[in-house]
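K.L.:
sequence and predicted structure below; questions after.
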2 protein chains.
Amino acid sequence: MKNWKTVKSKVVFECKYLKILDEDFLTPSGKNGKYYILQRNDFVVVIAKDKNNFYLIKQFRYTTKSKLVEFIAGEIEKGETPLKAARRELQEEAGIRAKKFENLGWYYACKGCSKQKGYVFLAEDLDFIKQNPDEMESEGGIKVVRFKISEIKKMIKNGKIDDNDTLSAFCLFMLKY
Amino acid sequence: MKNWKTVKSKVVFECKYLKILDEDFLTPSGKNGKYYILQRNDFVVVIAKDKNNFYLIKQFRYTTKSKLVEFIAGEIEKGETPLKAARRELQEEAGIRAKKFENLGWYYACKGCSKQKGYVFLAEDLDFIKQNPDEMESEGGIKVVRFKISEIKKMIKNGKIDDNDTLSAFCLFMLKY
């Protein structure tokens, strides 16, 4: 599968958060193809767990026009490792410091248009300090919400948790623990 | 949360597969914000199951430059219901007809930039007919692969299955069955 050849790659849209690349390629059998690739930073998803409690966030999302309950998550900044981003997001979004981090795996977030990856961490041994959300997170009323595992399962089943990344991260957690 | 007001919405990029909207908004407290919204069609994910066997697809993805093992999935076309799209994708991608479909739920696929939804179906009572993939799926060597549930769990744990939608759909399946 080394012989899919990109013959043209051109940025056709660019803003602070994403890029769109218009790419022409040749398949192994020599057919012409075209793809619009979405480029976004990789991100982390952090499952904050203390004994039997899980700490998630609830915030208004302008994209969905609704309040979502999600695991703490955020983009990996330039020069950051996934672990460092996990530490930072945990503190900024939820005001939590963790003594122990475990990498549960990663996945392609949106394979149909992007190679963006989500890295999943389990954070344990928690200290609760001070939340430091960005302006739009504050405006969205971001707050930390605590649930037992049985409550998370129920909320996923009845659609109260409806975020792809939270479901995937929880899948990785359930298969490991 | 009804008082986030969109004050401008402009298409800044458009192609056959996606649109980018540049939106200015006002938060409830009157702060100005800007968001780049990705618009893509909603899609379906189909878990094809026959007794103890699950039928997934394996194909080369130009986006990730790798072969992915995924549940059957595809965009909902204009005028289609999610169920109709599930039937069509199951037949086109995998050559499978199912007598029984069950809706397992839906999720926001990419809440950070889009309101795109993925609808998950469990398809049972299967008949194997003829695959009818599109040109690029054929070029990507799309093929149907059969696994037991224990094999799927193992592949997710060891990273051999690394697709967000497959993990989320499997999470919904595991919580229901």
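P.N.:
Ah, there it is.
K.L.:
residues contacting A:Asn41?
P.N.:
Going by C-beta atoms under 8 Å, 6 or more residues apart in numbering or on different chains, A:Asn41 touches A:Glu75, A:Ile76, A:Glu77, A:Gln116. Placement of C-beta: from N, CA and C, glycine included.
K.L.:
mark which of those residues are buried, thanks.
P.N.:
Buried subset of these (neighbour count, 16 or more other C-beta atoms under 10 Å in any protein chain shown): A:Glu75, A:Ile76, A:Gln116.
K.L.:
mind putting those into a markdown table with pLDDT and distance to B:Phe170?
P.N.:
Shown next, in a markdown table, are the buried ones among the contacts of A:Asn41 (pLDDT from 0 to 100; distance: C-beta to C-beta, whole Å):
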| residue | pLDDT | distance to B:Phe170 |
| --- | --- | --- |
| A:Glu75 | 97 | 25 |
| A:Ile76 | 98 | 25 |
| A:Gln116 | 98 | 20 |
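K.L.:
now, which of those residues lie within strands?
P.N.:
A:Glu75 (DSSP state E).
K.L.:
out of the buried ones among the contacts of A:Asn41, which is nearest to chain B?
P.N.:
Each of these was checked against chain B using C-beta to the nearest C-beta; the closest is A:Glu75, at 8.1 Å.
K.L.:
can you give me the helices in chain A?
P.N.:
A:82-94, A:135-139, A:149-157, A:164-176 (DSSP state H).
K.L.:
which of the contacts of A:Asn41 sit farthest apart?
P.N.:
A:Glu77 and A:Gln116 (14.4 Å; C-beta to C-beta).
K.L.:
one step back: tabulate the buried ones among the contacts of A:Asn41 (TSV), appending distance to chain B.
P.N.:
Below are these laid out as TSV (distance: C-beta to the nearest C-beta, whole Å):
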residue	distance to chain B
A:Glu75	8
A:Ile76	13
A:Gln116	9
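K.L.:
domain parsing for chain A?
P.N.:
Following automatic domain parsing, chain A resolves into domains at A:5-39, A:43-176.
K.L.:
average pLDDT across the first one?
P.N.:
Domain A:5-39 shows an average pLDDT of 96 in the prediction.
K.L.:
got a list of contacts for the lowest-mean-pLDDT helix or strand in chain A?
P.N.:
Every helix and strand in chain A was compared by mean pLDDT, DSSP states H and E; the lowest is helix A:135-139, with a mean of 86. The contact list for helix A:135-139, computed with C-beta under 8 Å, 6+ apart, reads A:Gln59, A:Phe60, A:Tyr62, A:Glu93, B:Thr27, B:Pro28, B:Ser29, B:Lys31, B:Gly33.
K.L.:
among those residues, which one lies nearest to A:Ile161?
P.N.:
Nearest to A:Ile161 among the contacts of helix A:135-139, counting by C-beta to C-beta, is A:Gln59 at 13.1 Å.
K.L.:
need the per-residue pLDDT for that closest one.
P.N.:
For A:Gln59, pLDDT reads 95.
K.L.:
A:Lys65 now?
P.N.:
A:Lys65 carries a pLDDT value of 95.
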